[in-house]
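S.K.: sequence and computational prediction follow.
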Amino acid sequence: QLQLVQSGGGLVQPGGSLRLSCAASGFTLDYRAIGWFRQAPGKEREGVSCISSSGGSTNYADSVKGRFTISRDNAKNTVYLQMNSLKPEDTAVYYCAATPYYEDCSGTYRYWGQGTQVTVSS
């Protein structure tokens, strides 16, 4: 079964950190761009960050620049999102997604993780 399995969400105080993981099962993340998205209650899903298939290019939403870092470990078939200096407005369900082979971050995301809740609250 082809799936992305997420882990690492939870409750954290403002200013805290979390690391989300996205591991592929049944297929390889090699040659695919990987994106992180989030959806807060009552809001549309938004792109948070993306990393190219080679890992040489990353991009971030303005709201998370300087606080979040995306990375990939192809040997572990896993992508990470390190989130620092978290704010209450970062509260959302976070999803990872993978493109088909050789597509870039603007491509179509074919595989989606199950979502993980991140809550930033004191």
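M.R.: Cool, the structure landed. From a predicted model like this one, the values you see are computed outputs, not experimental measurements. Numbers count the residues shown, from 1 in each chain.

S.K.: going by C-alpha atoms from here, please, whenever you check contacts or count neighbours.
M.R.: Fine.

S.K.: any weak-confidence spans in the chain?
M.R.: Judged by pLDDT under 70, the chain has no weakly predicted residues.

S.K.: just list whatever residues bridge to the most centrally placed residue in the chain.
M.R.: In the chain, the residue lying closest to the centroid (Cα atoms, centre = their mean) is Trp36, at 2.8 Å. Going by DSSP bridges, Trp36 is paired in beta bridges with Ser49, Cys96.

S.K.: wait, it touches Ser52, no?
M.R.: No. Using Cα atoms under 8 Å, Trp36 is not in contact with Ser52; the gap is 12.0 Å.

S.K.: picking up where we left off before, what's near enough to touch the residue nearest to the centre of the chain?
M.R.: Shown in contact with Trp36 (Cα atoms under 8 Å, 6 or more residues apart in numbering): 47-50, 81, 94-97.

S.K.: out of those residues, the closest to Asp104 would be?
M.R.: Using Cα to Cα, Cys50 comes nearest to Asp104 of these, at 9.1 Å.

S.K.: quick one: that closest one from Gly42, how far?
M.R.: The gap separating Cys50 from Gly42 is 23 Å, by Cα to Cα, to the nearest Å.

S.K.: higher neighbour count, the two?
M.R.: Cys50 (27 against 6; other Cα atoms under 10 Å).

S.K.: doesn't Cys105 make contact with that one?
M.R.: Yes. Between Cys50 and Cys105 there is a contact under Cα under 8 Å: 6.0 Å.
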